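Asker: please work out how this folds:
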Amino acid sequence: MKKETRMIQALGILAIPFFLTACLSVQVNEGVHDPTPYFDRAHQEIRDIERSDPRREGRAHELCLLIHDGDSDELIRLKTPLWMVQAAMDIGAESAGHHHRSDYENRYEVDWRSLRNLGQFGPGLLVSVDDEQSKILIWLR
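Answerer: Numbers count the residues shown, from 1 in each chain. Okay, here's the model as predicted:
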């Protein structure tokens with residue numbers, strides 16, 4: 001009986017990486033000189049989300065990023081469940097526990113406490129950056 005239990009535990013541990021990789025979607029496209037169509041689609045998705053929940057009272061389940069680096073012409077799309085982001089934030093907070101929190105807040109000018117629960121913001125746009133070399137969209141859905 002112990003042998004079967006160990007076998008089941010080992011299979012469970014081996015299945016964890018497969019489960020986690022299925023939850024994370026990363027796509028990198030090289031040679032994207034004009035990211036406009038990609039960003040137009042993302043902006044339309046964000047408008048649709050915000051139109052259906054203008055007060056952002058719904059529950060967000062997924063973090064989405066769209067990034068274009070003009071120097072390398074790479075377009076990166078990432079989608080991950082919020083529980084995975086929360087787990088990463090918890091691990092980061094745990095490992096940084098010996099550092100003073102205000103050091104990070106002063107360095108990055110961010111209230112890290114509010115980022116520990118991104119779902120509180122509800123579905124919709126979080127960050128939009130568009131400068132000469134880069135474009136970044138971060139939203140919740």
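Asker: measure Pro81 to His68 for me?
Answerer: Separation of Pro81 from His68 (Cβ to Cβ, to the nearest Å): 24 Å. Bear in mind the C-beta positions are built from the backbone N, C-alpha and C, glycine included.
Asker: neighbour count: these two, which is higher?
Answerer: His68 (24 against 16; other Cβ atoms under 10 Å).
Asker: element containing the more buried one, please.
Answerer: strand 62-69 (DSSP states H and E).
Asker: how about Thr80?
Answerer: Per DSSP H and E: strand 74-81 holds Thr80.
Asker: tally up the residues packed near His43, please.
Answerer: When neighbours are counted by other Cβ under 10 Å, His43 comes out with 15.
Asker: so it touches Asp130, yeah?
Answerer: No. Assessed by Cβ atoms under 8 Å, His43 is found out of contact with Asp130, at 10.8 Å.
Asker: strands along this protein, start to end?
Answerer: 25-29, 62-69, 74-81, 124-130, 134-140 (DSSP state E).
Asker: residues of the last one that come out buried?
Answerer: Buried residues in strand 134-140, counted by 16 or more other Cβ atoms under 10 Å: 135-140.
Asker: the third one too?
Answerer: For strand 74-81, the buried set under the neighbour-count rule, 16+ other Cβ under 10 Å, comprises 75, 77, 80-81.
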